[in-house]
Structures are given as structure tokens and as C-alpha cells.
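**Q** any chance you could fold what I've pasted below:
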Amino acid sequence: MAEQSELNISRGVYFMNAGNYSKASIEFLMAIEKNPSSMAYTMYGASLYWMGDNEGAISNYDKAISMDLNNDIAWQLKGISLARDMKLKDSLDCFKKAMEINPNRGDVLMNIGSVYFSLNNITDAISYLKRAIKVDSSNSLYYYQLGLIYFSTGDYYKAIENFDRAYSLKSDYEDAVLWLGISYEKSGDIKKAQKFYKKAVSLKPYDFFARYKLARLEKIPKNLENIIEPCFGLTRNDEKGGIPLQISYSVSKFDSSSDYVNPATKSLYENLIRIDENEDATVSVDIIDRKSTR
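**A** Purely as a prediction, here's the structure:
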């Protein structure tokens, strides 16, 4: 039964990687039924987390840990779930336990740095991100996260250095490219800012935040119409000094499965959380539900 359980775990991991968390959870449950191992509970908890059941995820991580106190993955994932509930100090304890068990995991070191950053402990945040980079200097995410921390402190040159390193390691890293543009704009180098905003748009054409940033600097000349038009319409608003944005989606068939995420919702969320906190933004959402006559 243990061997069959391992097979279910492997299938579950496959579905997790494909983003089908519902099917993954079924496989992990089957693994638990055949052999209730610490790893089976860990992975079942992970599938519940991605399905939005954070409480259920933590419950299963606790079961996994009770069976194996040295399960560093369960400790780490519990830390992520606790951080999601904003229980940052408890989250930090879990990450440190995972680090104690396996000190050579760069992702755990990054997690610790991220929590310290959320707690406004910039010194320790930078220290742990640098340790993560030392463990794996080829991981672009670690440089990106370190860049965000430096950006928050106003050290735009170090932010640029780290975003650039992330981009050099992963040439299609659109977030790193976008933040390179933002950092160059903050440091006063408008030409380089424009360059990286254009690159960000080329990498991710429907990132309307990148297009907004580019449009602000380019002042919407005619030669940018072919860049702006595919995503949203822009018109000047000289009275208020702003640029209204409009993004439109048409969905003919709605998938009601638990795994479905509406593309408009996903795009809106991903871009709103990246608006500069120093910029004013008014968000208006209109939804038209046109019922089928068939």
C-alpha cells in the first residue's frame, strides 16, 4: 500500500504543477487512505491551501508534523499559511524551524527575509535574502525580492542592481523588468525607464500597469497607439492630470468549477496590488451580465 500511496502522491504533484488543485487533492486523499504518511498529509494540506481552505491546510500540516517533527516542508508550508493569516511571528517561528532542520534551503531563507520585511525589520530582511542568494546564486526570485526591499528603503541603485541581476538570469522575468523601469524612473533616468517599460509591455502585452507607466512618460504620442490599443483605451484628462484606463473582457461561457479563476478578476488583482502607494488611483468596476437567449 505504501508504494501505491507514493504513486498517488506523484500524480497529485503532477496535477499541482498543472494548476489543477482539485484533482491533486483527490490523489493526496487517496494516498492518505492507503498510507497516512507525513508527506501525504503535507501535500494534501498544500492542495487545500491553493483551493482557498487555509484552515484545512494548517490542520493537515499539523498532522504531518505530529508524525514527523523533522518534516521541514510541512513546517515551511505551515509558515506560509500562517503568514497568509497575518500571524507573522508564528509564521516566522515555523520558517526558522524549517531552517533549523534544513539550513541549506534558499526558499526558506527567502521566506524568513520576507516576514522580517513585513515586520519592518529591514536589516534582518536584507540579511536573510543575501543568505538565500549565497545558497543559490542562480535563483532570479531571490534577487527580485531583495530588489523590492532596497526599493522600499529608497536605495534605487541597489534595487536596480538586484532587479537587473534577476533579469539577466531570467530574460522573460517581466516583473523584474517592470521594476527596473520603476526604479530608473525614481532615480531620474527617464530614458532607461522608458526602455524597460517598453520591454515589460513586449513581454506581457496585457499588463495594463506597465502600459500605464509607459504612457505617463511617453505622453501618449501617436506612434504608441499600436502599443496601447490592444490592451485598453487611453484618453487625456487634462483637468485632473490623470490618465483613465479601461480594460475589457468578454466571457461567453463561465466555468463554474472550483479551479476556475476569471481572467478579469485575476488581471485586476495582480495589477492593483502593484500601484505605487504614493500615487492616487480611483478604481471603478462595471460588470455587464448579458444572459443568453438560447
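**Q** distance of Lys134 from Ser66?
**A** Using CB to CB, to the nearest Å, Lys134 is found at 33 Å from Ser66. Every residue, glycine included, has its C-beta placed from N, CA and C.
**Q** no wait, Gly106
**A** 27 Å.
**Q** these two - which one has more neighbours?
**A** Per other CB atoms under 10 Å, whichever of Gly106 and Ser66 has more neighbours is Gly106, with 20 against 12.
**Q** the more buried one contacts Lys130, correct?
**A** No - with contact defined as CB atoms under 8 Å, Gly106 does not reach Lys130; the gap is 10.8 Å.
**Q** got the buried residues for whichever strand or helix holds Val108?
**A** With secondary structure defined by DSSP states H and E, Val108 is part of helix 106-118. For helix 106-118, the neighbour count (16 or more other CB atoms under 10 Å) marks Gly106, Val108, Leu109, Met110, Asn111, Ile112, Gly113, Ser114, Val115, Tyr116, Phe117 as buried.
**Q** burial count for the residue nearest to the last one when sequence neighbours are not counted?
**A** Nearest-residue entry for Phe117: Ala125, 3.9 Å, with adjacent residues in sequence omitted and distances by CB to CB, 6 or more residues apart in numbering. Other residues within reach of Ala125, judged by other CB under 10 Å, total 24.
**Q** against Ile133, how distant is Ala125?
**A** Distance from Ala125 to Ile133, by CB to CB: 13 Å.
**Q** over to Ser140?
**A** Counting by CB to CB, the gap from Ser140 to Ile133 is 10 Å.
**Q** then Trp179?
**A** 17 Å.
**Q** low-scoring stretches of this protein, by residue?
**A** Where the chain drops to pLDDT under 70, the residues are 219-294.
**Q** pull the longest helix from it.
**A** Counting by DSSP state H, the longest helix found in the chain is helix 2-17.
**Q** look up phi and psi at Asp207.
**A** phi -90, psi 90 (degrees, to the nearest 10).
**Q** what about the nearest residue to Arg165 once chain neighbours are set aside, helix or strand, and which?
**A** Ranked by CB to CB, 6+ apart and with sequence neighbours excluded, the top spatial neighbour of Arg165 is Tyr143, at 4.3 Å. Tyr143 is located in helix 140-153, with elements delineated by DSSP H and E.
**Q** may I see the buried residues of that helix?
**A** Buried-residue list, helix 140-153, by 16+ other CB under 10 Å: Ser140, Leu141, Tyr142, Tyr143, Tyr144, Gln145, Leu146, Gly147, Leu148, Ile149, Tyr150, Phe151.
**Q** using PDB, list the CA coordinates for the first helix or strand past it going along the chain.
**A** Per DSSP H and E, the first helix or strand lying C-terminal to helix 140-153 is helix 156-169. Below are the C-alpha coordinates for helix 156-169, written out as PDB (Å, rounded to 0.1, in the frame of the first residue of the first chain):
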ATOM      1  CA  TYR A 156      17.100  52.700  -6.000                       C
ATOM      2  CA  TYR A 157      20.600  52.000  -7.200                       C
ATOM      3  CA  LYS A 158      20.800  48.700  -5.200                       C
ATOM      4  CA  ALA A 159      17.300  48.000  -6.300                       C
ATOM      5  CA  ILE A 160      18.400  48.400  -9.900                       C
ATOM      6  CA  GLU A 161      21.400  46.200  -9.300                       C
ATOM      7  CA  ASN A 162      19.200  43.300  -8.000                       C
ATOM      8  CA  PHE A 163      16.400  43.600 -10.500                       C
ATOM      9  CA  ASP A 164      19.000  43.700 -13.300                       C
ATOM     10  CA  ARG A 165      20.600  40.500 -11.900                       C
ATOM     11  CA  ALA A 166      17.200  38.800 -11.800                       C
ATOM     12  CA  TYR A 167      16.500  39.900 -15.400                       C
ATOM     13  CA  SER A 168      19.900  38.700 -16.500                       C
ATOM     14  CA  LEU A 169      19.200  35.200 -15.000                       C
END
